[in-house]
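> Pasting a predicted model and its sequence here:
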Number of protein chains: 2
Amino acid sequence: MTKRTYSISELSEEFGITLRTLRYYEDEALIAPKREGQARIYSTSDRARLIWILRGKRVGFSITDIREVLNMHYGKGGKEEQCRVTISACNKRIKNLEQQKKDIDETLEELSSLVDTMTIFMAENYPAANSI
Amino acid sequence: MTKRTYSISELSEEFGITLRTLRYYEDEALIAPKREGQARIYSTSDRARLIWILRGKRVGFSITDIREVLNMHYGKGGKEEQCRVTISACNKRIKNLEQQKKDIDETLEELSSLVDTMTIFMAENYPAANSI
DNA sequence: GTTGACCCTTACGTAAAGGTCAACTAAAAA
DNA sequence: TTTTTAGTTGACCTTTACGTAAGGGTCAAC
């Protein structure tokens, strides 16, 4: 068995985030590590949540968004109406993310065509330069 | 020929953003519409910049990022060192966006598997419900 | 018996991206 | 001529996502 718990600074180091950030996420009810006295003890499932949080952030989710999605995971199997709401919330997010992918593709195209243009320009005007 | 200029409220309406936002972008040197007296007159190229800005925002660029990229477009064909810097900045952004696409794909998978799970759960527990 | 490594909380600070509100101007409509 | 209408600036307000002290606890090591 690999290690089952993590201290705050272990997670902080592993993911390159500050202690403050981890505590902040707890304040915002995104993670709820056990305590040993006052000290936070993170489980592997806390760590999994953290991975979700960080990926959520990278795709532009707000703290509130992330909390909502995490709660969905936990809340699954509730009342009918609640399920329905969750599903439609998911679908909304999915649509957003798909739009975002399109936006990214368009941006990528523009950026690489800009790079192309400039590379050609460089080759014409500063041919002597080493091309590393 | 289609219309060549736009008022602030035309653009505001077309893109669903507020006047404040358009003025803010000008304050932040992202757009620089001509003036007719005091009133802002946006050209088609201002509008094109705006489209870039809004898409940039959707992919998570900050105002500062967007300004940088817009300046790249304008600055192309400058001094050698400047070109080099621009190209490497572009490449950096490209890498980021590619990572972001991966993150989005992962998130999409998790979200749709969540939807699947819940849909099955619904079908099992509340089969009577109409499935619209 | 103090030093150092970690840990804690409380609380004010801050940058980004606008919102909101007041007071003003200029042109157009009534 | 008065009143809309569309636009302007400037000032302050707000939220988000943390940063940054300030002050203190614990426990092993020297």
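Nice, I can see it. Numbering: from 1, shown residues only, chains lettered A, B, ... in the order given.
> which parts of chain A sit against DNA strand D?
A:Thr18, A:Arg20, A:Thr21, A:Tyr24, A:Gly37, A:Lys57, A:Ser62, A:Ile63, A:Thr64 (CB under 7 Å from any atom of the strand). All C-beta spots, glycine's among them, are computed from the backbone N, C-alpha and C.
> Mark which of these are part of helices, please.
A:Arg20, A:Thr21, A:Tyr24, A:Lys57, A:Ile63, A:Thr64 (DSSP state H).
> With chain B as the reference, measure out to the nearest residue to the fifth one once chain neighbours are set aside.
I take that to be A:Ile63. In space, A:Ile63 comes closest to A:Glu28 once its chain neighbours are excluded; the distance is 5.2 Å by CB to CB, 6 or more residues apart in numbering or on different chains. For A:Glu28, the distance to chain B (CB to the nearest CB, to the nearest Å) stands at 19 Å.
> same deal with A:Lys76?
From A:Lys76 to chain B the distance is 6 Å (CB to the nearest CB).
> Identify the residues contacting the residue nearest to that residue when sequence neighbours are not counted.
Nearest residue to A:Lys76, sequence neighbours excluded (CB to CB, 6+ apart): B:Met118, at 5.5 Å. Applying CB atoms under 8 Å, 6 or more residues apart in numbering or on different chains to B:Met118 gives the contacts A:Lys76, A:Gly77, A:Cys83, A:Thr86, A:Ile87, A:Cys90.
> And the furthest pair within the residues you listed?
Across the contacts of B:Met118, no pair lies farther apart than A:Gly77 and A:Cys90, at 14.5 Å, counting by CB to CB.
> ok, and the closest non-adjacent residue to the residue nearest to the spatial centre of chain A?
Residue closest to the average C-alpha location in chain A (CA atoms, centre = their mean): A:Arg55, at 1.8 Å. Leaving aside its sequence neighbours, A:Arg55 sits nearest to B:Asp103 (CB to CB, 6+ apart; 5.1 Å).
> The one you found sits in which helix or strand?
Here B:Asp103, judged by DSSP states H and E, is contained in helix B:80-125.
> quick one: that helix near DNA strand C?
No: judged by CB under 7 Å from any atom of the strand, helix B:80-125 stays clear of DNA strand C, getting no closer than 14.7 Å.
> Right, I'll call it a day here.
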